[in-house]
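> Provided below are the primary sequence and the corresponding predicted coordinates.
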Amino acid sequence: MKPKICLAILASVLFIFIAWNTSISDVRASDQDVQKITTNQVAPLAPDFTLKDLSGKTKSLKDYRGKIVLLNFTTTWCPYCKKDIPNLKKLYTSMKGKDFELISIYVAESPKKVASFVEKYSLPYTILVDSEASVARTYGIRGVPTKIVVAKSGLISCWQCTSAEDKIDELLKAK
């Protein structure tokens with residue numbers, strides 16, 4: 001091979017390596033920045049939304065201000081979501097009479113399919129349908145199930161909670 005071609009290939013490989021290495025360190029830095037922001041930042045106000053329930057009534061998040069709200073983003077086809085139904089029912093039952101609301105938001109689903117699913121599993125809590133996934137996009141939902149706890153003030157208290165129940169109990173005790 002000619003020396004000029006070898007030199008061009010070597011220069012290209014070196015350029016790609018440097019560019020790739022720089023982008024990796026930028027990603028690491030941005031991950032650290034995100035962690036710093038999420039641990040030190042004041043909780044954001046939960047974006048308001050308006051969706052319809054299965055009877056066609058319009059519901060907004062602001063309707064629940066003054067209550068602790070668990071937003072449960074879910075689907076009818078998700079096996080983990082189905083597995084979580086007994087826990088959600090138990091939580092809902094244990095919170096009756098308290099300043100609490102459980103809202104399951106079915107993402108990118110038809111109301112008819114959700115209604116059939118809700119009937120099959122006898123879901124007692126508030127069900128909303130986000131057919132166009134617009135609310136899910138607003139909340140940055142990347143997978144289901146995703147739980148978000150909203151405090152009485154409307155601030156997000158817990159995002160993608162590992163233990164939403166513990167956070168809810170903490171907020172109820174704080175008054």
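Sure, I can see it.

> strands of this protein, residue ranges please.
With DSSP state E as the criterion, the chain has strands at 50-53, 58-60, 68-74, 100-107, 126-130, 146-150, 156-159.

> please identify the most buried of those strands.
Most buried of the strands of the chain by mean neighbour count (mean count of other CB atoms under 10 Å) is strand 68-74; its value is a mean of 25. C-betas here are computed from N, CA, C, even on glycine.

> ok and it relative to strand 126-130, angle-wise?
50 degrees (axes from the mean of the first three to the mean of the last three CA atoms, to 10 degrees).

> gap between strand 68-74 and the chain center?
Centroid separation between strand 68-74 and its chain, computed with CA atoms, centre = their mean, to the nearest Å, is 8 Å.

> reformat the strands of the chain as TSV; add distance to Ser94 and mean pLDDT.
Shown next, in TSV, are the strands of the chain (distance: least, CB to CB, whole Å; pLDDT from 0 to 100):
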stretch	distance to Ser94	mean pLDDT
strand 50-53	22	98
strand 58-60	23	98
strand 68-74	12	97
strand 100-107	9	98
strand 126-130	16	98
strand 146-150	15	96
strand 156-159	18	90
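
> and the ones you listed: which comes nearest Leu171?
strand 68-74 (5.0 Å; CB to CB).

> in its sheet, what does that closest one sit against?
As defined by DSSP bridges, the strand partners of strand 68-74 come to strand 100-107 (parallel), strand 146-150 (antiparallel).

> what does the shortest one contact?
For strand 146-150, the surrounding residues in contact (CB atoms under 8 Å, 6 or more residues apart in numbering) are 46, 61, 64, 68-73, 139, 156-161, 164, 167-168, 171.
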